[in-house]
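Colleague: quick one: sequence and predicted model below, then my questions.
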Amino acid sequence: MTATVLSPVLRRIPGTWRRVLRLGALGAVGQAFISLSGMPVRLDVREIIVPILSLGYVAVLAVPLVLGILLGRRPEHEEFLENPPSRLDLLLGGTVGGLMGGGGLSILALLLANFDLRDPLINWSPQLLEFLSFGRGTAFGFAIWLVIGGGLGLAGGTLRLASSRTQRVIMTMVLTVVGAAILESLVVDLVEGVSLEALVEWMYAPRGGLTLVGTGVLAVVSGLLSFVGQGRIKNIQEKIQAMEGPRQTRVNLMLIAAVGMVLVIMPLLVGKLTNELLANIGLFVLLALGLNIVVGLAGILDLGYVAFFAVGSYSTAVLTAATSPRIAPEFPWFVALIIVIFIAILVGLFIGAPVIRMRGDYLAIVTLGFGEIIRLLFLSDWLSGWFGGSQGITAIDGVDVFGLLTVDGTNPRRVFYLVLFFCAIAIYISWRLERSRLGRAWMAVREDEPVAEAMGINTVNVKLMAFVVGAVLGSFGGAIFVAKVGSVFPTSFLILVSIIILVVVIFGGMGNIFGVIAGAVVLIGVLGGPKQPGLLVEFSEFKLLIYGALLVWMMLARPEGLIPSARRSRELHQEEFLQDAWLRGQIDTDDNCPDEGSGSPAGGV
Amino acid sequence: MASASMWVPRTKVDWFLTVLRVLALTVVTVGLLAFIAQQIDVDNPFARAVNPDATGLTGPQFRGLVISGFAQGAMYGLIALGYSMVYGVLGFINFAHGEVFMVGAMTGMITSNKLDDAGLWEANFIGSLLFIVAVSMLVCTLTAVIMERVAYRPLRKAPRLIPLITSIGISFFIQNTSVVLLGPTSKAYPDMPDWLTAKRTFLEIEGTKIMVICVAAVAMLGLWLLVERTKTGKAMRAVAEDQEIAGLMGVDVNRTIVKVFAVGGAMAGVAGILWGVLFRSVIHYTGFLPGIKAFSSAVVGGIGSLGGSMAGGLFIGLAESTGPLLILEPLGVSGVSQLRDAVAFAMLIGVLLLKPSGLFGERLSAEDRA
């Protein structure tokens, strides 16, 4: 409504400035939102660089900086604009944008000082005001955020004006420092594992966070490395790509072997907590690989994937635990696993068959329904004689490996090796399937079902197979989960779990094994799983919010994910590919200037 | 291909589905028959054979269930309108619509508590109620419109599943926004006045439930007038039929789509207040289950049709409140009230299995049906 009133005014402002105002306003709102979500105050305890910067301030400082970087970018198709912005314009734009973003906090500080909205907004607190004003009064807080915002906006804009080489060096430096701070517990653990305590003491402050010296050295070293190494990595990559078939395979095999070695040796060097984290990541890699087959390869949006996880967990629990309420055969874990696979196949078929013919979106909702039904059944009094209802099944023994050792939650290192073993199986299965006849059939179904059917693919059977394979991998996850945690409760199988696995798959890159693994490592490692903490423990309150925002952002900006599968991304950007080809062909005719709107990152997905 | 071959199994999957359909129908029929038999005669041998412990329902109990079912169903119907209209026009499931409803319930909670603090809630209940409905409609409309602008408009041309995944992300985001801004605990509405909650002599129905049904009926009527009698409504129907042609005929497609979201949001806002009136407590995941059930209603009624959504809502509401006691209890399932939500999901699955185009037929443009 306001848009309609303002639009005649807005239309008078030139396009580039409209963009500045829009992004600036968005940034201001975003700043206020971040502050009121309690993120800055809650994250203030986590230090990044010891006396000067905490994660809480990073959360609010990032906005104006990003605004500056975004606004400092030269517009796409610049040559078609009537009067392209000059360098000064861009800098000014960045500054104004940053100023507006910071201004959001200034206004918030004023409001905080003068009104009390604590009743609905739980974070409307004096602590927030103190955080925003650095404890020096409201007026200072008001002014300082304008200065900081404008300054960071200007800095972001300036960064954009530098040569791409400088930009890359600076980005590497920033990323290294932030990365080192985030990965602190991991690095400390690893370095202490190879007994280099001195290094840690010098780099990190006693109560967490990088020291100033550590920051400086890291920045300089990474900057130098990036300056020197510029282009080398790319060269090596190209060289490998240029190699002939067998030699390339050999290099790839060597790489895989190297990564495998690291994964086998690393747990020996690190402590319990890190191993726990690694085991969690591995568990989600396993689940995500399973969902990747269903969603990524076959293109079936299964929102009830947690059902298979739940079935795997509960059937393992019933089959192995002595405490199982109704039947307790107390099978060894590996024997139980074989039965669990059969159960998973049956459940996959049972859930898959009714839904397989539905339209993709109906299928999504119905699988979500199945996921909930299964949890509600496990929870219900009706079946509590079998599955313990809300009490769940507890005191489940771990995995007994040939009577030699037991794998259970008390020893996360062993759990990690177990997870690693199953991940390797899952990766191998995914890799082989992707290149098999079945895998190609899945991709054909994903790309165009009627055409696939016309080509003689039995789409129903093929899609059912995807369901079944996904179900089996999901049930592996469940079986390991039981061995690790030693108990099952219905609350471990909320829809939330499905969604988080989906975010992992989408973030990493649907249909790409490496993408999915990377997605799990980054998201579960840093933010954490539904109940498992990640490296940024302080984020646990906000991680679901971030997962949601991430899912939306990925879909808008990069639906093919972090490490896209080549084929999948061609599918998603079909229109752009066609458009590009078209532009290249007839760019010099006069009447097809692309309008300025087509430059938006989300255009034509 | 759909309806004709549906009952004639050809492949293994068809056989399986047919068995499943027959099984589902048998369960429902046996349960219902056992219930009816028991109502006629408590010691009916058939009912005893099915479940020896069944107790049956008394008249007032049954009436209470039906009325709660209607009241909740009316609420689901209002939410379902949003799903149905968006699906009709854009052809995708706006999964986040349930969260718009939750935003409405939260807004109502905040406003009504503020009014209560000011003493206006008791002094002028009807006025306050109208006020919170208006505020909630406004906030929900804004939420829906912003959602469309930020997330869905850039994806207009994307494959159908992409906006669906986006909407799941938005749903997650809105839910957790509520957690971080308003806190993770459940929050209460102020007490309703006694004259409303008292059971009236006429059929012993609580005033709140009658009020909920009336408000829903008024909102529905307003929406129907808007869609069928105004130029805006005509534009909406035209865009739902065929976006491109509507555009060529001079309809501003973008603006019409925004209006569809706005209207759907407003209805969800009304429904949010009704939730508050009925249950008097709201928490961040309030939107999830009603959202799914409302979507089921939209499907049951035939997605894309407005009357169908309302009817579907009433159907789901009734089935959910009476189903467990009417069908599951006579079959000897214990703790049936816990399975209410499972019944609602089973209904959705059942409808999609038996008649995916809904009871009243869907109204979609040709390309969306594919």
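Modeller: Cool, got the structure. Numbering: from 1, shown residues only, chains lettered A, B, ... in the order given.
Colleague: A:Asp116 contacts A:Trp124, doesn't it?
Modeller: Yes: using CB atoms under 8 Å, A:Asp116 is in contact with A:Trp124, at 7.1 Å. Quick note: C-beta positions are derived from backbone N, CA and C, even for glycine.
Colleague: neighbour count: the two, which is higher?
Modeller: When neighbours are counted by other CB atoms under 10 Å in any protein chain shown, A:Asp116 and A:Trp124 differ, and A:Trp124 comes out ahead with 20 against 8.
Colleague: quick one: contacts for the more buried one?
Modeller: Residues near A:Trp124 by CB atoms under 8 Å, 6 or more residues apart in numbering or on different chains: A:36, A:112, A:116-118.
Colleague: quick check, nearest of those residues to chain B?
Modeller: Nearest to chain B out of those is A:Leu36 (CB to the nearest CB; 5.9 Å).
Colleague: for stretch A:477-487, what is the distance to the chain centroid?
Modeller: With CA atoms, centre = their mean, to the nearest Å as the basis, stretch A:477-487 stands 23 Å off its chain's centre.
Colleague: actually stretch B:260-279, not the one I wrote
Modeller: Relative to its chain's centre, stretch B:260-279 lies at 10 Å (CA atoms, centre = their mean).
Colleague: which helix runs longest in chain B?
Modeller: As assigned by DSSP state H, the longest helix anywhere in chain B is helix B:59-90.
Colleague: returning to that earlier point: export the contacts of A:Trp124 as CSV, with columns for secondary structure and distance to chain B.
Modeller: Output for the contacts of A:Trp124, formatted as CSV (DSSP: H, G, I helix; E, B strand; the rest coil; distance: CB to the nearest CB, whole Å):
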residue, secondary structure, distance to chain B
A:Leu36, helix, 6
A:Leu112, helix, 15
A:Asp116, coil, 12
A:Leu117, coil, 10
A:Arg118, coil, 11
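Colleague: now the element after the strand or helix carrying B:Gly169, going C-ward?
Modeller: Per DSSP states H and E: B:Gly169 is located in helix B:161-182. Downstream of helix B:161-182, the first helix or strand assigned by DSSP H and E is strand B:187-188.
Colleague: buried set for the helix or strand following that next one?
Modeller: Using DSSP H and E, the helix or strand that follows strand B:187-188 towards the C-terminus is helix B:194-197. For helix B:194-197, the neighbour count (16 or more other CB atoms under 10 Å in any protein chain shown) marks B:Leu196 as buried.
Colleague: following helix B:194-197, which helix or strand comes up?
Modeller: Going down the chain from helix B:194-197, the next helix or strand is helix B:207-229, by DSSP H and E.
Colleague: check which residues of that following helix are buried.
Modeller: Buried, per 16+ other CB under 10 Å, within helix B:207-229: B:207-213, B:215-216, B:219-220, B:223, B:226-227.
Colleague: at the contact with chain A, which residues of the stretch 151-300 of chain B appear?
Modeller: Contacts of the stretch 151-300 of chain B with chain A, taken as CB under 8 Å from any CB of the partner chain, map to B:151, B:154-155, B:157-166, B:168-177, B:179-183, B:288, B:292, B:295, B:299.
Colleague: next, the spatially most central residue of chain A: secondary structure please.
Modeller: Among the residues of chain A, the one closest to the centroid is A:Leu523, at 4.0 Å (CA atoms, centre = their mean). Three-state assignment for A:Leu523 (DSSP: H, G, I helix; E, B strand; the rest coil): helix.
Colleague: look at A:Arg74 and give its secondary structure.
Modeller: Applying three-state DSSP: A:Arg74 is coil.
Colleague: contacting residues for the closest residue to it other than its chain neighbours?
Modeller: Using CB to CB, 6 or more residues apart in numbering or on different chains and skipping the chain neighbours, the partner closest in space to A:Arg74 is A:Leu90 (7.1 Å). By CB under 8 Å, 6+ apart, the residues touching A:Leu90 are A:71-74, A:157, A:160-161.
Colleague: likewise A:Leu190?
Modeller: Shown in contact with A:Leu190 (CB under 8 Å, 6+ apart): A:266, A:269-270, A:274.
Colleague: and which of the residues you listed is nearest to B:Val282?
Modeller: The shortest approach to B:Val282 among the contacts of A:Leu190 belongs to A:Thr274, at 40.8 Å (CB to CB).
Colleague: for that closest one, give its distance to A:Gln532.
Modeller: Using CB to CB, to the nearest Å, A:Thr274 is found at 13 Å from A:Gln532.
Colleague: pull the number of nearby residues for A:Thr410.
Modeller: Here the number of neighbours of A:Thr410 (other CB under 10 Å) works out to 11.
Colleague: doesn't it belong to a strand?
Modeller: No: A:Thr410 is assigned coil when assessed by three-state DSSP, not a strand.
Colleague: before we move on, back to that, from chain B, how far out is the residue nearest to A:Arg74?
Modeller: According to CB to the nearest CB, to the nearest Å, A:Leu90 and chain B sit 24 Å apart.
Colleague: what's the helix or strand for that residue?
Modeller: Counting by DSSP H and E, A:Leu90 is part of helix A:87-114.
Colleague: how far away is A:Gly470 from A:Lys463?
Modeller: 11 Å.
Colleague: just to revisit the earlier point, buried subset of the contacts of A:Trp124?
Modeller: Buried subset of these (neighbour count, 16+ other CB under 10 Å): A:36, A:112.
Colleague: farthest pair within the contacts of A:Trp124?
Modeller: The widest separation within those (CB to CB) is 13.7 Å, between A:Leu36 and A:Asp116.
Colleague: quick revisit: hmm, the longest helix of chain B in reach of chain A?
Modeller: No: residues of helix B:59-90 are not located near chain A by CB under 8 Å from any CB, the shortest gap being 8.5 Å.
Colleague: give me the angle between the next helix or strand after that helix and helix B:59-90.
Modeller: Per DSSP H and E, helix B:59-90 leads on to helix B:97-117 as the next helix or strand towards the C-terminus. Helix B:97-117 runs at 120 degrees relative to helix B:59-90, counting by axes from the mean of the first three to the mean of the last three CA atoms, to 10 degrees.
Colleague: check which helices and strands helix B:97-117 sits against.
Modeller: If contacts are counted by 3 or more CB pairs under 8 Å, 6 or more residues apart in numbering or on different chains; DSSP states H and E, helix B:97-117 sits against helix B:59-90, helix B:120-123, helix B:125-147, helix B:161-182, strand B:187-188, helix B:253-279, strand B:281-282, helix B:288-301.
Colleague: can you put those in TSV and add mean pLDDT and mean neighbour count?
Modeller: TSV is the format used below for these (pLDDT from 0 to 100; neighbours: other CB atoms under 10 Å in any protein chain shown):
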stretch	mean pLDDT	mean neighbour count
helix B:59-90	87	24
helix B:120-123	84	15
helix B:125-147	92	20
helix B:161-182	91	23
strand B:187-188	90	16
helix B:253-279	91	25
strand B:281-282	90	20
helix B:288-301	88	28
